[in-house]
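[1] here is my input; please provide its structure:
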Amino acid sequence: MKKRIIHISLTLIVVVVFALLYFHYVLPRENIISASLTQQTVEQITDESDIIITGTVKSEDTSWFHNTSKRIQVEGWESDKVRYDLKYIVTYYTVEIEEYLKGDGPKEITVGLLGGTVRNHTYIFEDSPTLTEGEKVLLFLQPS
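    Predicted coordinates:
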C-alpha cells in the first residue's frame with residue numbers, strides 16, 4: 001500500500017512539473033504596453049532628429065533587453081537604496097542606407113524598436129512601429 005501511495009505521489013509530482021513547464025515555456029504570452037505620444041509636426045520631428053535616412057530593411061533580430069536601474073529620488077522615499085529590473089523585448093533592424101537626408105554616417109545601421117517576440121513571449125508597444133525585411137523606410141532617428 002505504501003509503495004502504491006509513493007508511486008502515485010511521484011507520478012503526480014512529475015505531471016505537475018511538466019504542466020508548469022508547459023505553461024511557462026510553451027503557451028504564448030502577450031504583454032501589451034500602452035503609452036500616449038504627443039502629436040508633432042514634421043518640422044518638430046525633423047528638428048528633434050539627429051539623423052534622417054531613407055533605406056531598406058535587410059534583417060531583424062529580436063532579443064530580451066534587461067536593465068537594472070536606480071529609482072528616482074522622491075521626497076520621503078528611500079528609493080536611492082532600492083533597485084528594480086526593467087525587462088522587455090527589443091527588435092533590432094539592420095537598415096541599408098540609401099540616402100542621408102540629415103546627418104551622416106555608415107552605409108548600414110542597426111535600429112532598435114520596442115516590441116517583438118522571443119520564444120513564446122510577445123511584447124507589443126502601442127505606437128511603436130514595426131518594420132519588415134525588404135521594406136523601404138524613411139527614419140527619423142535619435143541616439144538612445
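
[2] buried stuff in stretch 104-120?
    In terms of neighbour count (16 or more other C-beta atoms under 10 Å), stretch 104-120 has its buried residues at 109, 111, 113-116. For glycine as for every other residue, the C-beta is placed from the backbone atoms N, C-alpha and C.

[3] and if you look at stretch 117-136?
    122-125, 128.

[4] those residues into a markdown table, with extra columns for secondary structure, pLDDT and distance to Tyr100?
    As requested, the buried residues of stretch 117-136 are exported to a markdown table (DSSP: H, G, I helix; E, B strand; the rest coil; pLDDT from 0 to 100; distance: C-beta to C-beta, whole Å):
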| residue | secondary structure | pLDDT | distance to Tyr100 |
| --- | --- | --- | --- |
| Thr122 | strand | 85 | 33 |
| Tyr123 | strand | 84 | 31 |
| Ile124 | strand | 85 | 31 |
| Phe125 | strand | 81 | 27 |
| Ser128 | coil | 81 | 24 |
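
[5] nearest to Ile52, of the residues you listed?
    Distances from Ile52 to the buried residues of stretch 117-136, taken as C-beta to C-beta, are shortest for Ser128 (18.6 Å).

[6] which strand residues bridge Gly112?
    Tyr92 (DSSP bridges).
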